[in-house]
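Participant: would you be able to build a 3D model of this:
(one chain, ligands or ions: 1)
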Amino acid sequence: MTEFLNKLLSWYQANARDFPFRRTTDPYLIWLSEVIMQQTRIEQGVPYYYSFVKVFPTIHELAGASEEEVLKQWQGLGYYTRARNLHSTANEIVEKYGGRFPESYESLRELKGIGDYTAAAIASICYRLPHPVMDGNVIRFITRHFGITGAVDLAATKKEIMEVLEELMDGVQRFPKGYNASGTAAGSPLGEASIGAKHFTQAASGSAKRDRSGGVKMRANVGDRSSLAEEPSHNSLYPGKFNQAMIEFGATYCVPRNPECRECIFNESCIALKYGMVEKLPLKKQQQALKPRYFHYLVISVWGMKGVYFRKRTGNDIWKGLYEFPLIETSKPVTLPRLVNSIEWKKYFGKTPLKILSQTGSISHLLSHQKIIATFYSLEIEKPSEKFGSLIHPKNIHELPVARIIEKYLEGVRGDK
Ligand code: SF4
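Facilitator: From the prediction side, this is the model:
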């Protein structure tokens, strides 16, 4: 284990990408960056991080903003629940803690919108508490290196991965401070990793060490069982850095396709490499087919007036709080004549005279569990009506927070209205 950690941290110090949130331990900034980067490529997320910090430099500005302002800043990132939770958590922290983040994992975890991952990131980076983070990058690296072959969407496999991470984190806690990192990589070489985390608990010898809550408990030594005095270290080794290094290695080196295993610093101990399983791990259960949803957007204008109608999405569904055109949803594809004869269409228009000006082809948009297939119908009615929502003048449309699919449509027609 010692050698594993030493290699990892040496690699991180030489190869870590430089991001603004890697140069701070301010919990507000760490929190912002973690929430923005979840389910987002880091290159895509960084501009959002900058714009959030610019518009909401402290948690007080974020809490004081309206939900629409926050959603507007978030526009294009997807998974809009994160933005709404970000906003409500900011308010909770301001109201309950006067704007100061709580300093324990448990109290962070109690905040709405802060899950295991984000709580562990803040606790480890800002308060140096020994809580490992487990994201897709870490899962890939760990399952490959330690040969964990269970489906990673199963709770039992996640638990197994977390146990490995906790053992590694215990090793981080035992790194002596101030050790000269240029010293020899002492200790016996890393023994060959066995399938799963079990090898960590084999041949245990007792030693006292800190548990995750900071108390001291007796437990087995793990890994190569070097004595503390022999262990190499980096002066700056701490839980947050370990977590960042694990994520970075998974994200940039142990990548999903064709990692450079021959050059990898872990190639002697990597189980997946040894057994030709690199491309097979991490293993997932059979992927469920994405549920298709057919969205028919009615882009309604009024004869002789500028603008089109928008409504705010409500209810417990995707894109809640964002704006869109009046919508008819179907579970199957339908032709325009069928749509016009549908109950939903009649509910909207009744006997209202209208002209159908144009219709787009199908535009697909993938979400994590759903596939949206949208068609936009450009319609003109004679008189304004509030039942379609609010008529928004073209010069004000850009102020509305909208989903990416609507944004793409607007980009396509910009200048036509
Ligand atoms: S040898 Fe390949 S699969 Fe194993 S840790 Fe390195 S990059 Fe990942």
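Participant: what's the pLDDT at L228?
Facilitator: Per-residue pLDDT puts L228 at 28.
Participant: now do Y297
Facilitator: So, for Y297, pLDDT stands at 97.
Participant: how about the secondary structure of the nearest residue to Y127 once chain neighbours are set aside?
Facilitator: Nearest residue to Y127 in three dimensions, chain neighbours excluded: E103, at 5.3 Å (Cβ to Cβ, 6 or more residues apart in numbering). The C-beta positions use only the backbone N, C-alpha and C, and glycine is treated the same way. State at E103, reduced to three classes by DSSP: H, G, I helix; E, B strand; the rest coil: coil.
Participant: and E103, how far is that from Y28?
Facilitator: 13 Å (Cβ to Cβ, to the nearest Å).
Participant: so the two - more neighbours on which side?
Facilitator: When neighbours are counted by other Cβ atoms under 10 Å, E103 and Y28 differ, and Y28 comes out ahead with 22 against 14.
Participant: that one: helix or strand, and which one exactly?
Facilitator: helix 27-37 (DSSP states H and E).
Participant: now N137
Facilitator: helix 136-145.
Participant: give me the residues contacting that helix.
Facilitator: 132, 148-149, 152, 161, 164-165, 193, 246-251, 254, 256, 266, 269-273, 277-278, 281-283 (Cβ atoms under 8 Å, 6 or more residues apart in numbering).
Participant: how about the nearest residue to L29 once chain neighbours are set aside, what does it touch?
Facilitator: Nearest residue to L29 in three dimensions, chain neighbours excluded: F21, at 5.7 Å (Cβ to Cβ, 6+ apart). Contact analysis of F21 by Cβ under 8 Å, 6+ apart lists 29-30, 32-33, 49.
Participant: by neighbour count, which of the residues you listed wins?
Facilitator: Most surrounded of these: other Cβ under 10 Å gives S33, at 24 neighbours.
Participant: surely that one is in contact with Y48?
Facilitator: No - in this structure, S33 is not within contact of Y48 by Cβ atoms under 8 Å, at 9.6 Å.
Participant: per-residue confidence for T40?
Facilitator: pLDDT, read off for T40, is 82.
Participant: how about the host helix or strand of L379: buried residues?
Facilitator: For L379, the host element (DSSP H and E) is strand 370-381. Residues of strand 370-381 classed as buried: 372-381 (neighbour count, 16 or more other Cβ atoms under 10 Å).
Participant: next: stretch 268-279.
Facilitator: Those would be 269-273, 277-278, for stretch 268-279 by 16+ other Cβ under 10 Å.
Participant: closest to the ligand among those residues?
Facilitator: C270 (3.1 Å; Cβ to the nearest ligand atom).
Participant: pLDDT score assigned to the closest one?
Facilitator: 96.
Participant: same deal with G350?
Facilitator: 89.
Participant: report how many residues lie close to it.
Facilitator: Neighbour number of G350 under other Cβ under 10 Å is 8.
Participant: tell me the spacing between it and the ligand.
Facilitator: Using Cβ to the nearest ligand atom, to the nearest Å, G350 is found at 62 Å from the ligand.
Participant: phi, psi of that residue?
Facilitator: Here the main-chain torsion angles of G350 (degrees, to the nearest 10) amount to phi 50, psi -120.
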